[in-house]
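**Q** Show me the folded form of this:
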Amino acid sequence: QAHLGESGGGVVQAGGSLTLACTVSGRTLWRPAMGWFRQAPGKEREFVASINWAGSTNYADSVKGRFFISINNVKGMASLQMNSLEPEDTGVYYCAVGTNYGDTSPARYDYWGQGTQVTVSS
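**A** This next block holds a predicted model:
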């Protein structure tokens, strides 16, 4: 059965690190790119990072140098290593699959996971 799921969220102090994982199962969900987005309370969903199966990456300016996205073609999994976390990074983090890793609009991604909560305390 096709499934897209995130894991690895939690509560961390400012300056700490977390690693999120997104697993894709089922051939119907396979797309050329995987992306991470986040949504804080009362705010719109925003782009964080994306990657294609060749390893090309794209990052939002707010996370460049702190977050790193990687992909495992064999396992069908994308990871998001988040370092130097800030309270502004708090939100629900979603992974999604799409056609072009250069796309930063949520509307360009086809399927979404349920999300995982990340809370950064000051």
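**Q** Apart from its chain neighbours, what residue comes closest to the residue most central in space within the chain?
**A** For the chain, the residue nearest the mean C-alpha position is residue 36 (2.3 Å; Cα atoms, centre = their mean). Distances taken as Cβ to Cβ, 6 or more residues apart in numbering place residue 48 nearest to residue 36, at 4.3 Å, with adjacent residues excluded. For glycine as for every other residue, the C-beta is placed from the backbone atoms N, C-alpha and C.
**Q** ok so that neighbour is a helix residue?
**A** No - Residue 48 sits outside any helix when classified using DSSP: H, G, I helix; E, B strand; the rest coil, being strand.
**Q** hmm, back to that, which of the three states applies to the residue nearest to the centre of the chain?
**A** Going by three-state DSSP: residue 36 is strand.
**Q** Give me the phi and psi angles of residue 64.
**A** As for residue 64, its main-chain torsions (degrees, to the nearest 10) stand at phi -60, psi 130.
**Q** which stretches of this protein have low pLDDT?
**A** Low-confidence segments of the chain (pLDDT under 70): 1, 28.
**Q** And stretch 35-52, what's buried?
**A** Neighbour counts using 16 or more other Cβ atoms under 10 Å place 35-38, 45, 47-52 of stretch 35-52 among the buried residues.
**Q** now what about that stretch, what contacts it?
**A** 20, 22, 32-34, 57-60, 63, 67, 69-71, 78, 80, 89-98, 100-106, 109, 115, 118 (Cβ atoms under 8 Å, 6 or more residues apart in numbering).
**Q** Could you measure from the residue lying closest to residue 66 once chain neighbours are set aside over to residue 68?
**A** Excluding the flanking residues, the one nearest residue 66 by Cβ to Cβ, 6+ apart is residue 84, at 4.7 Å. From residue 84 across to residue 68, the span is 11 Å (Cβ to Cβ, to the nearest Å).
**Q** out of those two, which sits in the busier spot?
**A** Neighbour count, other Cβ atoms under 10 Å: between residue 84 and residue 68, residue 68 has more, with 17 against 13.
**Q** That one bridge partners, please.
**A** Per DSSP bridges, residues listed as beta-bridge partners of residue 68: residue 81.
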